[in-house]
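Engineer: Provided below are the primary sequence and the corresponding predicted coordinates.
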Amino acid sequence: MADWTDEHGKRLTDYPRPSVAVDTAVLTVKADVLGVAVVERDGRRRLPGTFLHDGELLAEAVERSLRQRVGLRGVAPRQLRTFDAIDRDDRGRVLSVAHMIALPEAQLTDIDVIPVDSAVGLAFDHDTIIAEAVEALREAYSERPDPGRLLGDAFTLLDLHRLHSAVDKCTAQKDTFRRAMVPHLESTGRLEHGTVGKPAQLYRHR
């Protein structure tokens, strides 16, 4: 095996290797409020995460951390970006490959979820990770109806508008919102049940 050196004649093995961690912002809407799942360790709240093990893929580390920290299985978060500030972790040089996912509230049973507006003062730079995850989610929800599938298979336009408004308070008013979203939906041919007044049309993703 070649012993690669840089322009200064140093071998790659001469450089200290930072630790690599994965942290995941698990977002949901609960009682019309956008929230994020957190765990508590050493008296501080933080995102579920872990260090990358030797021979482990990032996706495997994310899956392990979610299973061990919050009991989530069978989900596939997407990579957000790498957070590499020199002083982001007081334990030493640690790079965090942050991930995010939006899940229905029903999948987060017995998991501590706090409003994203209250997600301040978390360990390391997790406040910033959450802020960027929320911004990415809002961008996705500005373009398509419920891309995270938080509402399930069938929903009314009022349900959809309420959800989008929880994700982003700047969501357009109902008429404008309807015109933007209906082209991406199709009618189920059914009406909602168990409501007072005229039942509303149920839609699904096209």
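Structural biologist: Sure, I can see it.
Engineer: Where does residue 80 fall, secondary structure wise?
Structural biologist: strand 78-83 (DSSP states H and E).
Engineer: got the contact list for the helix or strand that that strand is followed by?
Structural biologist: Downstream of strand 78-83, the first helix or strand assigned by DSSP H and E is strand 94-102. For strand 94-102, the external contacting residues (C-beta atoms under 8 Å, 6 or more residues apart in numbering) are 18-28, 49, 51-52, 58, 62, 75-84, 88-89, 124-125, 129, 132-133, 136-137, 147-148, 150. Placement of C-beta: from N, CA and C, glycine included.
Engineer: Check stretch 103-118 too.
Structural biologist: Against stretch 103-118 from outside (C-beta under 8 Å, 6+ apart): 26-30, 33-40, 45, 70-72, 75, 130, 134, 148-152.
Engineer: Give me the buried entries from those.
Structural biologist: With neighbours counted by 16 or more other C-beta atoms under 10 Å, the contacts of stretch 103-118 contain buried members at 26-29, 34-39, 45, 70, 72, 130, 134, 148, 150-151.
Engineer: Which ones among those map onto strands?
Structural biologist: 26, 27, 28, 29, 34, 35, 36, 37, 39, 45 (DSSP state E).
Engineer: and those as TSV, adding distance to residue 160 and pLDDT?
Structural biologist: Formatted as TSV, these follow (distance: C-beta to C-beta, whole Å; pLDDT from 0 to 100):
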residue	distance to residue 160	pLDDT
26	22	98
27	17	98
28	16	98
29	12	98
34	15	98
35	19	98
36	22	98
37	23	98
39	31	97
45	31	96
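Engineer: quick one: contacts for residue 157?
Structural biologist: 174, 177, 178, 181, 182, 200, 201, 203.
Engineer: what packs against the helix or strand containing the second one?
Structural biologist: In this structure, residue 177 sits in helix 174-181 according to DSSP H and E. Helices and strands touching helix 174-181, by 3 or more C-beta pairs under 8 Å, 6 or more residues apart in numbering; DSSP states H and E, are helix 157-167.
Engineer: Let me know the average pLDDT across the helix it packs on.
Structural biologist: Helix 157-167 shows a mean pLDDT of 97.
Engineer: now stretch 197-206
Structural biologist: Average pLDDT, stretch 197-206: 90.
Engineer: again with stretch 58-71
Structural biologist: Stretch 58-71 comes out at a mean pLDDT of 97.
Engineer: now swap in stretch 93-111 and tell me
Structural biologist: 94.
Engineer: residues of that stretch that come out buried?
Structural biologist: 94, 95, 96, 97, 98, 99, 100, 101, 102, 103, 108, 111.
Engineer: and it, how far apart are its ends?
Structural biologist: From its first residue to its last, stretch 93-111 covers 29 Å (C-alpha to C-alpha, to the nearest Å).
Engineer: gap between that stretch and the chain center?
Structural biologist: 5 Å (C-alpha atoms, centre = their mean, to the nearest Å).
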